[in-house]
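Engineer: could you look at this predicted model? Sequence included:
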Amino acid sequence: MMQRDEMKLVVTVIAIILILTLLYVYRENMKPSRIELAEISEHVGEYVEVQGTVVYTRDYEHGMYIEIAKNGSRVSAYLDTKIKLVPGNLVNLRGIVEYRLGKYVLEVSNGGIIIHGILKPNIQNILQNPQNFVGLNMQIRGNLTMAEKMVTKHYIRVSDGVHSAWIYVPVPYYGERDIYIIGTVKYGILHSEKIALNKNPNITLISIPNIPNFEGENVQIHGYVLNYSRILGYAAYIVDGDYHLKVILPRPLAMGYAVLNGTFEYLSTYGEYALICT
């Protein structure tokens, strides 16, 4: 009796595997319906293909969650793959439309992703609706103006003879080089609250390389000032006809025609949009 039941179980499992395999093969070989993002709510349960620009990504255990946008519409998708996408990628996605938690999403299996490269808008298009490009990776072409050094005096570089770190100072500092700095660690950077020539016995003294390990804590370090200011990069403009856009470069480049890759951001300090180049 047991052998018969076991045989039935084995046959059932094999049948289920066969059915799932056939369904997978069928889906992978069937042609998806090509639709626009705005039409996704009309195709629940269907196998479709959509096109758009990746505007958000987040990794999760089995793959990646992304959001793509096109012509003012935005759709979420779950990718059952470890492929890496970044905001700014132009993609075609093939998958099944589902309705989850009050929104329409696309379930994309491995092989359902076609990447067409990175966004390459012209400067005029960017400046017409700059808020739509914030956070996106892109490539821009045009004529580069002379780059100017961007310097901040709100960071000093301090060394213990072996290790060094940039320390944030709310007020520019120009004093003695051999100093103790008391402050609070924020996002891995020591934010100075007091600079003195002598050690404070009531504050924990830590080594410079251990600063990130004391996030949120009030500590002090001892070191020698190497730099009283910090170079943040090099600012220039890239020009295309009557339109120009600020770019922040990691190093100065020669003037003239250039092809630049970077992330488009809003610089609140300057009140300008800019391409932060890599």
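Structural biologist: Okay, I see it. Numbering: from 1, shown residues only.
Engineer: helix or strand: which one has the nearest residue to Ile96 once chain neighbours are set aside?
Structural biologist: Leaving aside its sequence neighbours, Ile96 sits nearest to Glu107 (Cβ to Cβ, 6 or more residues apart in numbering; 4.8 Å). All C-beta spots, glycine's among them, are computed from the backbone N, C-alpha and C. For Glu107, the host element (DSSP states H and E) is strand 103-108.
Engineer: state the mean pLDDT of that strand.
Structural biologist: Strand 103-108 carries an average pLDDT of 89.
Engineer: buried set for that strand?
Structural biologist: By neighbour count on 16 or more other Cβ atoms under 10 Å, the buried set for strand 103-108 is 104-108.
Engineer: what of stretch 75-94?
Structural biologist: In terms of neighbour count (16+ other Cβ under 10 Å), stretch 75-94 has its buried residues at 75, 77-79, 81, 85, 87-94.
Engineer: nearest to Ser159 among those residues?
Structural biologist: Pro87 (36.9 Å; Cβ to Cβ).
Engineer: next, the spatially closest residue to that closest one that is not a sequence neighbour: phi, psi?
Structural biologist: Distance criterion Cβ to Cβ, 6+ apart; nearest residue to Pro87, sequence neighbours excluded, is Leu136 at 4.8 Å. Main-chain dihedrals, Leu136, degrees, to the nearest 10: phi -90, psi 140.
Engineer: ok so, going back, quick one: which of the buried residues of stretch 75-94 is nearest Pro201?
Structural biologist: The closest of the buried residues of stretch 75-94, once distances to Pro201 are taken by Cβ to Cβ, is Pro87, at 49.4 Å.
Engineer: report the separation between that closest one and Tyr257.
Structural biologist: 26 Å (Cβ to Cβ, to the nearest Å).
Engineer: quick one: the lengthiest strand in the chain to chain centroid distance?
Structural biologist: Secondary structure of the chain per DSSP state E: the longest strand is strand 47-60. In terms of Cα atoms, centre = their mean, to the nearest Å, the centre of strand 47-60 is found 15 Å from the chain centre.
Engineer: that strand packs against which elements?
Structural biologist: strand 33-34, strand 63-70, strand 73-79, strand 89-100 (3 or more Cβ pairs under 8 Å, 6 or more residues apart in numbering; DSSP states H and E).
Engineer: can you redo these as CSV with mean pLDDT?
Structural biologist: Converted to CSV, the helices and strands packed on strand 47-60 look like this (pLDDT from 0 to 100):
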stretch, mean pLDDT
strand 33-34, 87
strand 63-70, 90
strand 73-79, 91
strand 89-100, 91
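Engineer: between the ones you listed, which one is closest to Ile238.
Structural biologist: strand 89-100 (21.0 Å).
Engineer: taking strand 73-79 as reference, get the angle to that closest one.
Structural biologist: Following axes from the mean of the first three to the mean of the last three Cα atoms, to 10 degrees, one obtains 80 degrees for the angle between strand 89-100 and strand 73-79.
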